[in-house]
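> Sequence first, then the predicted structure:
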Amino acid sequence: MLGTFTIATSSITFLKAVRHRFGSSTFTIPLLNSSRLSPSTKRASITLAVATQSSVSIQPEPNPNPNQNQNHVVLPSNESSEKLLRIRHTCAHVMAMAVQKLYPEAKVTIGPWIENGFYYDFDMEPLTDKDLKRIKKEMDRIIGKNLPLVREEVSRDEAHRRIMALNEPYKLEILESIKEDPITIYHIGNEWWDLCAGPHVESTGNINKKAVELESIAGAYWRGDERKPMLQRIYGTAWENEEQLKAYLHFKEEAKRRDHRRLGQDLDLFSIQDDAGGGLVFWHPKGAIVRHIIEDFWKKIHMERGYDLLYTPHVAKADLWKISGHLDFYRENMYDQMNIEDELYQLRPMNCPYHILVYKRKLHSYRDFPIRVAELGTVYRYELSGSLHGLFRVRGFTQDDAHIFCLDDQIKDEIRGVLDLTEEVLLQFGFDKYEVNLSTRPEKAVGDDGIWEKATTALKDALDDKGWAYQIDDGGGAFYGPKIDIKIEDALGRKWQCSTIQVDFNLPQRFDITYVDSNTEKRRPIMIHRAVLGSLERFFGVLIEHYAGDFPLWLSPIQARVLPVTDAQLQYCNDVTNKLKMYGIRAEVCHGERLPKLIRNSEKQKIPLMAVVGSNEVETETVTVRSRFGGELGTMSVDDFIHRIKLIIEKPTFS
């Protein structure tokens, strides 16, 4: 909306402060209880462009770009720079050589490059941070010798002979897993070699030792199998130059500052209790409020878009999962079955079969389509304890799951509708940058060629209509149908798998679901699986890190904290708080400390707004408002304070 209105200067600072979080626009709106403004305030009024959420560019504070540090150094990736990939791969070899120079009994396993560097796994005694310094010093010595990297091709028998001579049992396993001949070996000078396909730099001197750092030590099972030996994994990072390393370390510190596990504890949002078991999330009152807001918005927008909401059980007879195929293809991620009155039951790992059962409760006509059902359904999946990670990898989580049953010629329109819905939901939470992938038919798939081609074309056409750029993952679809995956980009530029849209030809066949067409013949509908947020737990973790815990005002668990200068103002503070709550504003009173400490504690808790009350404010029935980012915003009536907040939070659209 465009336009202007006249607003008191006492509120200008307030609006400037919230513009930090909500962008700016101009529009016409009446002041709440403007008759309560003093004559001098009315005379001092001016026209102002007002902060509004109808045109918002949310940027958390601070707002580092992941590809830039303070000096705007662009960080390359392995995909964008072959030089960097070669450096990282070579660093893994140099590190392994250094380890075996210092610890001759260490056995080497594998050492690949990874997203921000490299690692290598060793069978050896546990290492310490002090050992990392020794290893890095030895790496620097090897780099300084400028030793050539020499590629050699040998027969399988010769490779086997050399590995036996070195007594490297893990390398024998690796050799057995290599199917191609001849076997390639890379030497570092004449001092060390490893089975490897490359690529590498020409010599160790091509590595800038000041752009390499060893980061951490972790335990890792050989081949990821907990029944096999625990190895020592050393992680390192490597870059083309020292400036890139400094930029990466700055990014790493910023990521650490935003870590949702630490912020979840500091802000009292959630916990994972050892007494209850790993990977099971406890939502604390403040975190639960945010979840409630997310769920309410999710339900509202789905009902507006023609979805029917469902609630389904957390367990079902095991036979249901036999029909769906989960017991055949997904058993390792499912919990053990329960025997109830001589029947086996299973905790649900997915919601899909339940939604199909709801569909099957009655006969459908072609006139009924499309049929859209949605559920915030909690599922349970077995994860190894070592793989659990805060809210990102858990054993019980709630999917924002939905399924669309439609006719062949409705696929494109339904997919486009899902894309529009996805965009609206993600923008609501401040995400407007996506990576989109379209995955096509794999080698092994169910369904005939015609329906695969039709479904894939529909997905492409919907994406083209939407105008979104996308990459094709040829052959990367599920065996039951093509899919679209959407990764959102957070404030640090990290990409998170979030939304997914999958066409399914498998489950309709397994459950034999049908409808009656215009010729009164039975046909099988198309089933579309889709999730927008993915899971509430994981999405909440991403939100925490995206905003560094500084949620926008509409999403903040506590929007305003009322602070008395002394306990003499406590009753008035309670009255103010009750009035804020009456208008739907999440507010609380905090007292018992001196005012500076109350303010400091509120800022640490990332409370967006503070209303300070002294004897003056009690006498004039006002509050003096402070913002976490804007400092003192001035004194205003309680009604005006409420109006300013409502103005911002009523239309929280981030476009």
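Looks like it came in fine. It should be emphasised that the depicted structure is a prediction, and the values quoted were computed from it without experimental measurement. Numbers count the residues shown, from 1 in each chain.
> where does the closest residue to residue 476 other than its chain neighbours fall, phi/psi-wise?
The shortest distance from residue 476 to any non-neighbouring residue, by Cβ to Cβ, 6 or more residues apart in numbering, is to residue 439 (3.7 Å). Where C-beta positions appear, they are placed from N, C-alpha and C, glycine not excepted. Dihedral pair for residue 439: phi -100, psi 130, per degrees, to the nearest 10.
> Can you check the pLDDT for residue 439?
For residue 439, the pLDDT comes out at 94.
> can you tell me how far it sits from residue 525?
Distance of residue 439 to residue 525, computed by Cβ to Cβ, to the nearest Å: 22 Å.
> Residue 621 too?
Residue 621 is 62 Å from residue 525, by Cβ to Cβ.
> which of the two has more neighbours?
More neighbours surround residue 525 than the other of residue 621 and residue 525, with 22 against 13 (other Cβ atoms under 10 Å).
> element containing the residue nearest to the more buried one when sequence neighbours are not counted, please.
Nearest non-adjacent residue to residue 525, counting by Cβ to Cβ, 6+ apart: residue 405, 4.7 Å away. Using DSSP states H and E, residue 405 maps to strand 396-406.
> The helix or strand following that strand: which residues count as buried?
Using DSSP H and E, the helix or strand that directly follows strand 396-406 along the chain is helix 411-428. By neighbour count on 16 or more other Cβ atoms under 10 Å, the buried set for helix 411-428 is 411-412, 414-419, 421-423, 425-428.
> Pull the residues that contact stretch 116-132.
Here stretch 116-132 makes contact (Cβ atoms under 8 Å, 6 or more residues apart in numbering) with 88-89, 91-92, 95-96, 99, 103, 105-112, 170, 214-215, 217, 220, 222, 229, 231-238, 248.
> cool, stretch 222-235 as well?
When contacts are defined by Cβ under 8 Å, 6+ apart, stretch 222-235 is touched by residues 95, 99, 109, 117-127, 132, 135, 170, 214-221, 384, 386.
> Could you list which of the contacts of stretch 116-132 belong to helices?
88-89, 91-92, 95-96, 99, 170, 248 (DSSP state H).
> what's the closest of those residues to residue 187?
Distances from residue 187 to the ones in helices among the contacts of stretch 116-132, taken as Cβ to Cβ, are shortest for residue 96 (12.8 Å).
> tell me the centre residue of the protein?
residue 542 (3.9 Å; Cα atoms, centre = their mean).
> Residue 295 versus that one, what's the distance?
Counting by Cβ to Cβ, the separation of residue 542 from residue 295 is 16 Å.
> again with residue 612
For residue 612, the distance to residue 295 (Cβ to Cβ) stands at 33 Å.
> Could you check which of the two is surrounded by more residues?
Neighbours were counted for residue 612 and for residue 295 using other Cβ under 10 Å; residue 612 has more, 21 against 14.
> Residues in contact with the helix or strand harbouring that one: which ones?
Per DSSP H and E: residue 612 is located in strand 609-613. With contacts defined as Cβ under 8 Å, 6+ apart, strand 609-613 is touched by 553, 559-565, 569, 572-573, 576, 595, 599, 602, 623-628, 641, 645.
> If we use 6 Å, what do you get?
Counting contacts by Cβ atoms under 6 Å, 6 or more residues apart in numbering, the residues outside strand 609-613 that touch it are 560-564, 569, 572-573, 602, 623-626.
> now stretch 320-340
318, 344-347, 349, 353, 380-382, 510.
> if we go to 10 Å?
Residues from elsewhere that reach stretch 320-340, judged by Cβ atoms under 10 Å, 6 or more residues apart in numbering: 315-319, 343-350, 352-354, 356-357, 380-383, 395-396, 479-480, 506-507, 510-512.
> buried subset of these?
By 16+ other Cβ under 10 Å, the contacts of stretch 320-340 give 316, 318, 345-350, 352-354, 356, 380-381, 395-396, 480, 506-507, 510-511 as buried.
> average model confidence for the strand holding residue 612?
97.
> do stretch 377-394 as well
Over the span of stretch 377-394, the pLDDT mean works out to 92.
> Same question for stretch 160-171.
In this model, stretch 160-171 carries a mean pLDDT of 93.
> First-to-last residue distance for that stretch?
In stretch 160-171, first residue to last residue: 9 Å (Cα to Cα, to the nearest Å).
> excluding its backbone neighbours, what's nearest the residue nearest to the centre of the chain?
Among residues not flanking residue 542 along the chain, residue 496 sits closest, at 5.1 Å (Cβ to Cβ, 6+ apart).
> Need phi/psi at the one you found.
Here is the backbone geometry of residue 496 (degrees, to the nearest 10): phi -120, psi 130.
> Could you list everything it pairs with in the sheet?
Assessed by DSSP bridges, residue 496 has beta-bridge partners residue 488.
> any idea how far residue 261 is from it?
Residue 496 is 16 Å from residue 261, by Cβ to Cβ.
> do residue 494 as well
Residue 494 is 16 Å from residue 261, where distance means Cβ to Cβ.
> do the same with residue 90
Separation of residue 90 from residue 261 (Cβ to Cβ): 34 Å.
> Looking at those two, which is more packed in?
Taking neighbours as other Cβ under 10 Å, residue 90 and residue 261 compare with residue 90 leading, 27 against 17.
> rewinding a little: the contacts of strand 609-613 into a markdown table, with extra columns for pLDDT, secondary structure and neighbour count?
What follows is these, written out as a markdown table (pLDDT from 0 to 100; DSSP: H, G, I helix; E, B strand; the rest coil; neighbours: other Cβ atoms under 10 Å):
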| residue | pLDDT | secondary structure | neighbour count |
| --- | --- | --- | --- |
| 560 | 97 | strand | 26 |
| 561 | 97 | strand | 25 |
| 562 | 98 | strand | 27 |
| 563 | 97 | strand | 26 |
| 564 | 97 | strand | 26 |
| 569 | 97 | helix | 22 |
| 572 | 97 | helix | 20 |
| 573 | 97 | helix | 26 |
| 602 | 96 | helix | 21 |
| 623 | 97 | strand | 28 |
| 624 | 97 | strand | 19 |
| 625 | 96 | strand | 25 |
| 626 | 93 | strand | 23 |
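> which two in those are spaced the farthest apart?
572 and 602 (18.1 Å).
> residues touching residue 350, list them.
Contacts of residue 350 by Cβ under 10 Å, 6+ apart are 321, 324, 326, 330, 333-334, 377, 379, 381, 399, 401, 507, 529.
> just those: which has the poorest pLDDT?
pLDDT is lowest at residue 330 among the contacts of residue 350; the value there is 80.
> Could I get the phi/psi values of that residue?
Main-chain torsions, residue 330, degrees, to the nearest 10: phi -130, psi 10.
> and the gap between it and residue 348?
Going from residue 330 to residue 348 by Cβ to Cβ gives 11 Å.
> can you list residues touching both of those two?
Going by Cβ under 10 Å, 6+ apart, residues that sit against residue 330 and also against residue 348 are 321, 381.
> Just the angle for the helix or strand encompassing residue 544 relative to strand 396-406, thanks.
Here residue 544, judged by DSSP H and E, is contained in helix 536-547. Orientation of helix 536-547 against strand 396-406 (axes from the mean of the first three to the mean of the last three Cα atoms, to 10 degrees) gives an angle of 100 degrees.
> chain center to helix 536-547, what's the gap?
The chain centre lies 6 Å from the centre of helix 536-547; the measure is Cα atoms, centre = their mean, to the nearest Å.
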